[in-house]
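# Predicted model follows, preceded by the sequence.
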Amino acid sequence: MASGSAHFRLKQWFHRTGWRSTIIATPYVWLLAFFFLPFLIVLVMSLATQADVSPPFAFGAEWPYVTFDNIARLFEDSLYIRAYLISISNAAITTVICLIIGYPMALCLTRVGKTWRNIFLMLVILPFWTSFLLRVYAWIGLMGTNSWFNKGLTFLYNTLVPSGSTLTSIPMMNSNFAVILVMVYCYLPFMVLPLYANLERLDFTLNEASMDLGSRPWRVFLDITLPLSIPGIIAGGLLVFIPASGEFVIPSLVGDASDPMIGRVIGDEFTAARDWPMASTVAVALLILLVLPTMAYTHFDSKAQAAREPNP
């Protein structure tokens with residue numbers, strides 16, 4: 001009888017508010033399981049010391065059981081500071097180039113017919129159907145000294161920049177140029193798709209009204225289209241900048257070991273050096289460096305939207 005009563009109450013709860021509460025709670029459970037708990041493990045690990053055990057870290061035998069030496073080392077060792085600066089600069093350059101290339105692409109997608117729009121959208125998404133690692137290796141082949149891509153760029157350089165000596169090939173591999181080039185290719189869809197979603201919702205009658213009042217096309221773009229597309233620019237910029245800052249695969253395969261990005265430094269600390277506490281400290285610092293500006297932007301953007309809404 002009690003079991004039947006509990007089943008009835010559970011069924012009644014689902015009919016009233018259960019499904020709504022379950023749907024609302026699902027993303028929070030996901031964040032708790034796959035973001036907060038792993039972050040907490042890495043944070044605790046960053047307060048340990050390297051040890052010759054498995055896993056290779058240990059805590060002190062006496063209070064406070066933890067150490068902050070890894071944090072001090074993070075600011076004292078120039079390797080980490082330089083890796084952070086290289087990562088941020090490469091990610092920023094990648095984001096700007098993706099914006100310069102992706103904005104016209106997204107704008108064109110909103111202006112073409114529905115049939116061509118679907119075809120172009122499929123072409124934008126098409127690289128996702130191929131393995132990320134395979135795409136990076138394809139660029140390794142393209143940047144080789146004997147590839148048609150390298151020979152074409154070399155011919156173009158020799159034609160446009162005449163000098164005393166003629167280049168036989170352009171050294172592209174193992175450089176920041178190669179890292180940025182491959183990251184632009186890999187992350188460009190992350191810029192195009194948010195921009196397209198934002199631009200598609202714009203009211204183009206505003207552009208027509210502005211042109212009817214005598215504005216030139218470039219003035220219409222600067223005064224109407226560009227300001228209204230800023231949310232899409234910010235969303236695409238974050239989707240490109242955040243993963244590019246912590247990129248590991250691309251710098252490891254095509255980058256210069258003497259100028260490593262922070263993702264490669266973290267990977268080397270975990271594998272070659274087996275210094276898990278220091279690697280965790282670097283990872284936590286990178287996460288804070290990326291998350292805090294995002295949270296600040298979200299906070300101020302919410303306040304700005306609330307201020308723009310009319311009072312009832």
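Yep, it's here.

# where do the strands sit along the chain?
49-50, 57-58 (DSSP state E).

# can you tell me which residue is nearest the centre of the protein?
In the chain, the centroid-proximal residue (CA atoms, centre = their mean) is Pro243; its distance is 2.8 Å.

# tell me the contacts of that residue?
Residues near Pro243 by CB atoms under 8 Å, 6 or more residues apart in numbering: 187, 190. For every residue, glycine as well, the C-beta is placed using N, CA and C.

# What of Phe57?
Phe57 neighbours (CB under 8 Å, 6+ apart): 45, 48-51, 276-277.

# need the strands of the chain in CSV with distance to Leu167 and mean pLDDT, can you?
Output for the strands of the chain, formatted as CSV (distance: least, CB to CB, whole Å; pLDDT from 0 to 100):
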stretch, distance to Leu167, mean pLDDT
strand 49-50, 47, 89
strand 57-58, 49, 88
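
# can those go into a markdown table with extra columns for distance to Leu193?
What follows is these, written out as a markdown table (distance: least, CB to CB, whole Å):
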| stretch | distance to Leu193 |
| --- | --- |
| strand 49-50 | 42 |
| strand 57-58 | 40 |
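
# do you know which of the ones you listed lies nearest Phe34?
Among those, strand 57-58 comes nearest to Phe34, with 22.2 Å by CB to CB.

# For that closest one, what is the distance to the chain centroid?
Relative to its parent chain, strand 57-58 has a centroid offset of 31 Å by CA atoms, centre = their mean, to the nearest Å.

# just checking, Ile224 touches Ser210?
Yes: using CB atoms under 8 Å, Ile224 is in contact with Ser210, at 5.8 Å.

# So, low pLDDT: which residues of the stretch 201-312 of the chain?
304, 306-312 (pLDDT under 70).

# Which stretches in it count as helices?
Secondary structure of the stretch 201-312 of the chain (DSSP state H, counting those that start in this stretch): helices at 205-212, 217-220, 226-228, 230-245, 249-254, 262-270, 276-308.

# Then the stretch 1-150 of the chain?
Along the stretch 1-150 of the chain, counting by DSSP H, counting those that start in this stretch, helices occupy 2-13, 19-31, 37-46, 69-76, 78-111, 114-125, 132-142, 148-160.

# ranking those helices by burial, who's on top?
For the helices of the stretch 1-150 of the chain, the largest average neighbour count (mean count of other CB atoms under 10 Å) is found in helix 78-111, namely a mean of 18.

# Measure how that one sits relative to helix 276-308, angle-wise.
When axes from the mean of the first three to the mean of the last three CA atoms, to 10 degrees is applied, the directions of helix 78-111 and helix 276-308 differ by 40 degrees.

# quick one: average pLDDT of helix 78-111?
Helix 78-111 comes out with an average pLDDT of 92.

# That one: how far from the chain's middle?
Using CA atoms, centre = their mean, the offset of helix 78-111 from its chain centre is 9 Å.

# and it, what does it pack onto?
Identification of packing neighbours for helix 78-111 by 3 or more CB pairs under 8 Å, 6 or more residues apart in numbering; DSSP states H and E yields helix 69-76, helix 114-125, helix 176-200, helix 230-245, helix 262-270, helix 276-308.

# how about a cut-off of 6 Å?
Other elements packing on helix 78-111 under the criterion 3 or more CB pairs under 6 Å, 6 or more residues apart in numbering; DSSP states H and E are helix 176-200, helix 230-245, helix 262-270.
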